[in-house]
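Undergrad: with the input below, show me the fold.
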Amino acid sequence: MTRTAAGAARSPLVPHDGLTLLRTVATAVLDLDALTGLGTFTLPYPAEAQRALDRTALACLLRGADPPLSVSDLLIWCRRRPVTEWPLDLPDGLAAPEDRLIDKDACVPTDLCYEWAVDRPDSATEQIDRALIALAMDRCRLANAPASYAAFRRLLVEHPVLTRDKAAEIALEPAFTPLDGLLQQIYLPAPVGWVRGGRFTLCRRCRTLLAPMRDGGWWCENARCRHKGDAPVGHAYEETEGGGVLLLTRPLRLFVTAPGFAELRLERALARLGLTPELWPDYDAYDVRITLPDGRVWAVDVKDWANPALLGRNAMLLPGRPPYDRAFLVVPDHRTALRRDYVGVVRRFMDPDVRERTTVVSHRQFMARVRAALEEARGQSVGDDRPEHHHA
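TA: Just a heads-up that it's a prediction; the model follows:
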């Protein structure tokens with residue numbers, strides 16, 4: 001999880017400008033969700049929610065549109081109306097026709113909502129997210145324990161759900177000694193609204209919690225999982241099992257766990273080709289480092305964002321160390337399957353210097369480049385990357 005460039009070198013914007021307004025509303029949605037959930041909240045509203053309502057009303061009045069009359073009305077907008085139908089001006093390509101801030105089925109903030117929130121320079125969501133990961137890096141670096149940092153990152157990817165007893169057991173493992181107390185800050189009690197029949201239920205594909213729907217079905221927050229069809233029901237925890245069920249915080253599930261699945265999938269694909277990929281080198285300078293048979297080194301940053309324009313706006317140059325010959329930004333195939341112009345949009349919204357020095361490709365495209373490099377070095381054909389059906 002490398003850094004982002006939210007707000008870097010951007011023009012000051014008036015409060016009701018389209019970009020600024022969407023960031024404000026997205027932050028308000030997250031604030032309300034963090035307090036009591038989007039279904040139940042009471043007066044007084046958080047300051048950001050009132051600010052979002054006021055600025056949205058102003059934008060509507062300036063354009064002769066009917067404004068939302070309350071925060072509840074604004075949340076209905078966020079759930080029912082794609083942002084492209086709001087009375088605001090956005091740069092061409094920055095939003096897609098189905099982009100919403102609240103999921104219309106599950107009534108929770110969408111991935112896009114978090115991405116808009118971190119697009120602002122003072123994003124509390126990004127600051128908290130980065131501060132916790134930075135704390136883990138610093139502690140492991142101080143202890144000269146890169147293996148501990150790698151174990152921590154794998155835990156967040158492979159186990160976004162733990163029981164309280166299991167979390168305590170993991171915290172006592174030698175690899176987690178430098179991270180004393182950190183798991184308690186990032187694994188919090190699972191939301192009671194996700195209980196059905198006294199149990200929390202896991203998605204068998206991505207191992208996070210499923211949200212029960214009114215029609216009796218399940219909703220998975222993982223976009224790749226939803227792209228594959230109905231969520232497969234996995235293990236069910238009794239509500240009080242193991243001292244209670246804990247869930248990794250949503251920003252970390254979105255910005256660490258989700259791309260982490262793609263990182264581990266890339267690691268497995270490279271290993272099947274006989275390479276030895278290094279994950280999160282030098283305490284997460286970037287995500288994957290591979291050395292080709294001819295000695296060339298490729299550095300990879302994996303990003304799994306719903307909005308390619310916001311990803312492009314926030315992409316930064318990879319750090320120069322550990323050294324490499326070429327830098328790649330790799331996006332999961334499900335993103336390009338859902339939106340064929342995804343890679344092109346990312347590139348269009350990148351800073352020119354970042355665009356010139358970073359190759360943006362899908363997972364499939366990157367693996368094709370790896371196979372071509374191996375065929376050139378080995379003088380023989382290399383088989384296609386086999387699809388995986390048992391991982392998210």
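Undergrad: now the closest residue to E267 other than its chain neighbours: how far from R369?
TA: Nearest residue to E267, sequence neighbours excluded (CB to CB, 6 or more residues apart in numbering): P277, at 5.0 Å. C-beta coordinates here come from the backbone N, C-alpha and C atoms, glycine included. Per CB to CB, to the nearest Å, P277 is found 14 Å from R369.
Undergrad: so the two - more neighbours on which side?
TA: Ranked by neighbour count (other CB atoms under 10 Å), P277 and R369 place P277 first, with 20 against 14.
Undergrad: that one and L311: what is the separation?
TA: 22 Å.
Undergrad: what do you get for G274?
TA: G274 is 31 Å from L311, by CB to CB.
Undergrad: please apply the same query to P146.
TA: 28 Å.
Undergrad: the two: who's more crowded?
TA: Taking neighbours as other CB under 10 Å, P146 and L311 compare with L311 leading, 24 against 17.
Undergrad: and the strands in the chain?
TA: Using DSSP state E, the strands assigned to the chain run over residues 161-163, 187-189, 199-203, 211-212, 218-219, 233-238, 245-248, 278-279, 288-291, 297-302, 326-331, 359-362.
Undergrad: could I get these as a markdown table with mean neighbour count and mean pLDDT?
TA: Below are these laid out as a markdown table (neighbours: other CB atoms under 10 Å; pLDDT from 0 to 100):
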| stretch | mean neighbour count | mean pLDDT |
| --- | --- | --- |
| strand 161-163 | 21 | 97 |
| strand 187-189 | 16 | 94 |
| strand 199-203 | 21 | 95 |
| strand 211-212 | 20 | 90 |
| strand 218-219 | 19 | 90 |
| strand 233-238 | 15 | 94 |
| strand 245-248 | 22 | 96 |
| strand 278-279 | 18 | 96 |
| strand 288-291 | 20 | 98 |
| strand 297-302 | 22 | 98 |
| strand 326-331 | 22 | 98 |
| strand 359-362 | 20 | 98 |
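Undergrad: can I get the ones you listed in JSON lines including distance to P97?
TA: Output for those, formatted as JSON lines (distance: least, CB to CB, whole Å):
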{"stretch": "strand 161-163", "distance to P97": "33"}
{"stretch": "strand 187-189", "distance to P97": "34"}
{"stretch": "strand 199-203", "distance to P97": "27"}
{"stretch": "strand 211-212", "distance to P97": "24"}
{"stretch": "strand 218-219", "distance to P97": "21"}
{"stretch": "strand 233-238", "distance to P97": "31"}
{"stretch": "strand 245-248", "distance to P97": "31"}
{"stretch": "strand 278-279", "distance to P97": "36"}
{"stretch": "strand 288-291", "distance to P97": "33"}
{"stretch": "strand 297-302", "distance to P97": "27"}
{"stretch": "strand 326-331", "distance to P97": "20"}
{"stretch": "strand 359-362", "distance to P97": "22"}
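Undergrad: out of these, which gets nearest to D353?
TA: The minimum distance between D353 and the strands of the chain falls on strand 326-331, with 11.9 Å, by CB to CB.
Undergrad: now do that closest one against strand 297-302, angle only.
TA: Angle between the axes of strand 326-331 and strand 297-302 is 20 degrees (criterion: axes from the mean of the first three to the mean of the last three CA atoms, to 10 degrees).
Undergrad: please name the nearest non-neighbouring residue to R226.
TA: On the basis of CB to CB, 6+ apart, the spatially nearest residue to R226 that is not a chain neighbour turns out to be C220, at 5.8 Å.
Undergrad: and the protein, split by domain according to the record?
TA: 18-122, 126-249, 252-378 (automatic domain parsing).
Undergrad: burial count for L62?
TA: Count around L62 with other CB under 10 Å applied: 11.
Undergrad: next one: stretch 243-256 to chain centre, how far?
TA: 12 Å (CA atoms, centre = their mean, to the nearest Å).
Undergrad: what's the answer for stretch 276-296, then?
TA: With CA atoms, centre = their mean, you get 22 Å for stretch 276-296.
Undergrad: ok, and what's touching that stretch?
TA: 1-2, 133, 137, 140-141, 146, 149-150, 153, 259, 263-264, 266-267, 270-271, 275, 297-302, 318-319, 321-322, 324-327, 370, 373-374, 376-378 (CB atoms under 8 Å, 6 or more residues apart in numbering).
Undergrad: ok, back up a step: compare the mean pLDDT across the domains of the chain and name the weakest.
TA: Per-stretch mean pLDDT for those is lowest at domain 18-122 (a mean of 84).
Undergrad: what's the burial count for E375?
TA: By other CB under 10 Å, the residues close to E375 number 12.
Undergrad: who's in contact with R339?
TA: So R339 contacts A96, P308, V345 (CB under 8 Å, 6+ apart).
Undergrad: and the nearest residue to the second one once chain neighbours are set aside, how far from Q50?
TA: This points to P308. Sequence neighbours aside, V345 is the residue nearest to P308 in space, at 4.0 Å (criterion: CB to CB, 6+ apart). Here V345 is placed at a distance of 33 Å from Q50 (CB to CB).
Undergrad: how about R289?
TA: Distance from R289 to Q50, counting by CB to CB: 47 Å.
Undergrad: cool, and L156?
TA: Taken as CB to CB, the span from L156 to Q50 is 34 Å.
Undergrad: cool, and A315?
TA: Relative to Q50, A315 is positioned 33 Å away (CB to CB).
Undergrad: and these two? Which one has more around it.
TA: A315 (24 against 14).
Undergrad: that one against V346, yeah?
TA: Yes - using CB atoms under 8 Å, A315 is in contact with V346, at 7.1 Å.
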